[in-house]
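Student: sequence? don't have it. structure:
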């Protein structure tokens, strides 16, 4: 009879690819709907959504790089680097957009950023079965 080796609980990775793909599809759909109405708002919404999605996907790529109790310090370090990188990336993207994109609809940019961030939270909660 074989002995079972205890491996500990495995935490499933959230479906990040599905989450970010869903966000991207919603963003593209909104931009396509806005394009005939107001092209300035449309590309401002696109930029605001991307400023939310890109840094979050960077964090997600680092967050689950390591798993298990033995890798606890690696997990903590990876999460720290990911969160710092997300913050810096978000700040740099906002700065670049405000410096390089003229004209720009700031209300549309911020609205898209906020709504895309909220959509991320909702999708993470729904798809991860928390």
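Tutor: Good, I have the coordinates. Computed from a predicted model, the values in this text were never measured in an experiment.

Student: what helix or strand does residue 92 sit in?
Tutor: Assessed by DSSP states H and E, residue 92 sits inside helix 72-100.

Student: And the helix or strand just after that helix, what's buried?
Tutor: Note on helix 72-100: by DSSP H and E, the next helix or strand toward the C-terminus is helix 106-128. Neighbour-count burial for helix 106-128 flags 108-109, 111-113, 115-117, 119-120, 123-124 (criterion: 16 or more other C-beta atoms under 10 Å). C-betas here are computed from N, CA, C, even on glycine.

Student: can those go into CSV with extra columns for pLDDT?
Tutor: Below are those laid out as CSV (pLDDT from 0 to 100):
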residue, pLDDT
108, 97
109, 98
111, 97
112, 97
113, 98
115, 97
116, 96
117, 95
119, 94
120, 91
123, 89
124, 85
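
Student: can I get those residues in JSON lines with distance to residue 84?
Tutor: Below are those laid out as JSON lines (distance: C-beta to C-beta, whole Å):
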{"residue": "108", "distance to residue 84": "28"}
{"residue": "109", "distance to residue 84": "23"}
{"residue": "111", "distance to residue 84": "26"}
{"residue": "112", "distance to residue 84": "24"}
{"residue": "113", "distance to residue 84": "19"}
{"residue": "115", "distance to residue 84": "25"}
{"residue": "116", "distance to residue 84": "21"}
{"residue": "117", "distance to residue 84": "18"}
{"residue": "119", "distance to residue 84": "24"}
{"residue": "120", "distance to residue 84": "19"}
{"residue": "123", "distance to residue 84": "24"}
{"residue": "124", "distance to residue 84": "20"}
